[in-house]
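**Q** pasted the sequence and its predicted model underneath.
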Amino acid sequence: MNKSGLIESLSKKENLTEKKANDLINLVFKGFTEELKKGGRIEIRGFGSFVVRDYGAYSGRNPKTGKNIEVEPKKLPFFKVGKELKERVDGKENK
């Protein structure tokens with residue numbers, strides 16, 4: 001499912017206009033983004049958590065040219081799946 005599919009599903013399930021569903025999804029994503037930019041953590045019980053991980057600089061190789069390059073340090077979002085979601089996807093959920 002992509003963002004537009006999520007918006008469409010929300011609008012149908014909750015009887016909202018697509019514009020209202022779009023605004024809600026964008027509000028949630030913006031909140032997530034702002035929290036991660038501040039270095040915060042997002043935890044959704046039963047689903048998983050998002051954190052920002054720091055990656056140090058390293059020497060890499062450009063696969064196209066074969067030249068060695070220095071990759072700068074960076075921060076990337078990381079998602080850790082929750083136990084309940086893992087079990088549901090694996091078909092081991094409590095029935």
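**A** Good, I have the coordinates.
**Q** shouldn't L6 be in contact with N26?
**A** No. Counting by C-beta atoms under 8 Å, L6 sits too far from N26 to count as a contact (10.9 Å). Glycine gets a C-beta too; all of them are placed from N, C-alpha and C.
**Q** show me which of those two is the more surrounded one.
**A** Counting neighbours by other C-beta atoms under 10 Å for L6 and for N26 shows that L6 has the greater number, 15 against 12.
**Q** tell me who's in contact with that one.
**A** If you count contacts by C-beta atoms under 8 Å, 6 or more residues apart in numbering, L6 has them with I25.
**Q** now name the helix or strand holding it.
**A** Using DSSP states H and E, L6 falls within helix 3-13.
**Q** so for that helix, what's the average pLDDT?
**A** Mean pLDDT, helix 3-13: 96.
**Q** for it, buried residues please.
**A** I7, L10, S11 (16 or more other C-beta atoms under 10 Å).
**Q** is it true that the last one touches E18?
**A** Yes. Taking contacts as C-beta under 8 Å, S11 lies within contact range of E18: 4.9 Å.
**Q** can you give the contact residues for stretch 48-68?
**A** By C-beta under 8 Å, 6+ apart, stretch 48-68 touches 32, 36, 39, 41-43, 69-82, 85.
**Q** select from those residues every entry located in strands.
**A** 42-43, 69-71, 74-81 (DSSP state E).
**Q** gap between the one helix or strand S59 maps to and the chain center?
**A** Per DSSP H and E: S59 is located in strand 58-61. For strand 58-61, the separation from the chain centroid amounts to 26 Å (computed by C-alpha atoms, centre = their mean, to the nearest Å).
**Q** and what of stretch 69-79?
**A** On C-alpha atoms, centre = their mean, the centre of stretch 69-79 falls 16 Å from that of its chain.
**Q** endpoints of it, how far apart?
**A** 28 Å (C-alpha to C-alpha, to the nearest Å).
**Q** what pLDDT is listed against K92?
**A** So K92 comes in at 82 (pLDDT).
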